[in-house]
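>>> got a sequence here, can you model it:
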Amino acid sequence: MKEQLGRAWYICRKDLRAYSLKPPLISWGLMFPAAMVLAFYLRNPTDIGQVIPGLIGITLLFGATSMEAVVITFEKRTGALERLAMAPVAPAAILLGKVASGGIFALAMGTLVSLASLPFAGPTAISLSRVLSLLVTLVLGAVAFSLLGAFVSVAVREVFDAMTLANYFRFPMLFLSGVFAPLAAMPGLLQGVAYLLPLTYVVDALRHALGGPAALPLALDWALTLAFCAALCLGAWRMLLRQLEEPR
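I've put the predicted structure just below:
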């Protein structure tokens with residue numbers, strides 16, 4: 001177990017060094033969230049505080065899923081993923097290393113956006129409990145979206161295909177998860193759809209941490225995010241095993 005964890009960590013480090021500056025990751029994982037933040041700030045600088053939780057959430061979403069799309073599809077195309085499976089590295093360690101790299105990248109981007117956004121968050125009292133809530137939410141969101149990216153990316157072999165497939169999940173979440181408006185302001189049918197999306201609970205938990213109006217208790221947001229993590233982990237694991245077992 002200890003050896004496999006060490007191998008997973010080496011995979012994670014290698015991915016962060018090799019893929020962090022790839023053009024698709026820069027465009028979707030860095031530039032797109034930055035453009036969204038800038039667009040909302042220029043539209044109404046005084047109102048930016050209301051959408052800060054959503055902007056942090058989409059930074060986590062696009063950062064993690066883009067990292068997974070680049071890492072997994074590049075290595076599937078070059079055969080590196082299959083070579084890892086032929087080495088004394090368990091499939092679970094491979095998945096853990098890949099998900100860790102996406103989670104760390106997204107966590108770094110989410111932390112930067114959080115720190116840059118705090119001056120615009122309004123007169124919210126900063127306390128240890130709020131800081132801890134923010135950190136826990138960032139970690140849970142980064143893990144959930146990294147697993148989502150792994151689940152989507154394992155099924156294809158090209159970065160373009162992975163990004164396109166990921167957008168079928170990302171853009172509905174972008175507009176239906178309370179990113180730009182509270183869930184209470186949405187029609188009843190759309191609210192029902194929103195509660196099926198993991199970004200909804202991450203954004204709601206971020207509203208708790210930043211002192212904004214939230215729709216659900218914080219503990220419930222975290223519990224449901226963990227449930228999404230478990231489901232996505234199982235799905236990504238089964239998909240990875242299927243891909244590794246297929247004849248080339």
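>>> low-confidence stretches in the protein?
Counting by pLDDT under 70, the chain contains low-confidence residues at 44-49, 120-126, 245-248.
>>> now the spatially most central residue of it, what's its secondary structure?
Computing the C-alpha centroid of the chain and ranking residues by Cα atoms, centre = their mean puts residue 145 first, at 2.9 Å. The assignment at residue 145 comes out as helix when based on DSSP: H, G, I helix; E, B strand; the rest coil.
>>> residue contacts, it?
Residues in contact with residue 145 (Cβ atoms under 8 Å, 6 or more residues apart in numbering) are 60-61, 63-65, 102, 106, 198-199. Just so you know, the C-beta spots here come from the backbone N, C-alpha and C atoms, and that holds for glycine as well.
>>> distance of the residue lying closest to it once chain neighbours are set aside from residue 105?
Leaving out its chain neighbours, the residue that sits closest to residue 145 by Cβ to Cβ, 6 or more residues apart in numbering is residue 64, at 3.7 Å. Note on residue 64: its distance to residue 105, by Cβ to Cβ, to the nearest Å, is 7 Å.
>>> just residue 132 next, same as before
Taking Cβ to Cβ as the measure, residue 132 and residue 105 are separated by 22 Å.
>>> neighbour count for the two, which is higher?
The residue with the greater number of neighbours, taking residue 132 and residue 105 and applying other Cβ atoms under 10 Å, is residue 105; the counts read 28 against 11.
>>> so the more buried one sits against residue 63, correct?
Yes. Counting by Cβ atoms under 8 Å, a contact exists between residue 105 and residue 63, whose distance comes to 5.7 Å.
>>> overlap in contacts of the two?
With contacts taken as Cβ under 8 Å, 6+ apart, residue 105 and residue 63 have residue 29 as neighbours in common.
>>> the helix or strand encompassing residue 6 packs against which elements?
With the criterion set as DSSP states H and E, the secondary-structure element containing residue 6 is helix 2-19. Helix 2-19 sits against helix 52-78, helix 91-117, with contacts defined as 3 or more Cβ pairs under 8 Å, 6 or more residues apart in numbering; DSSP states H and E.
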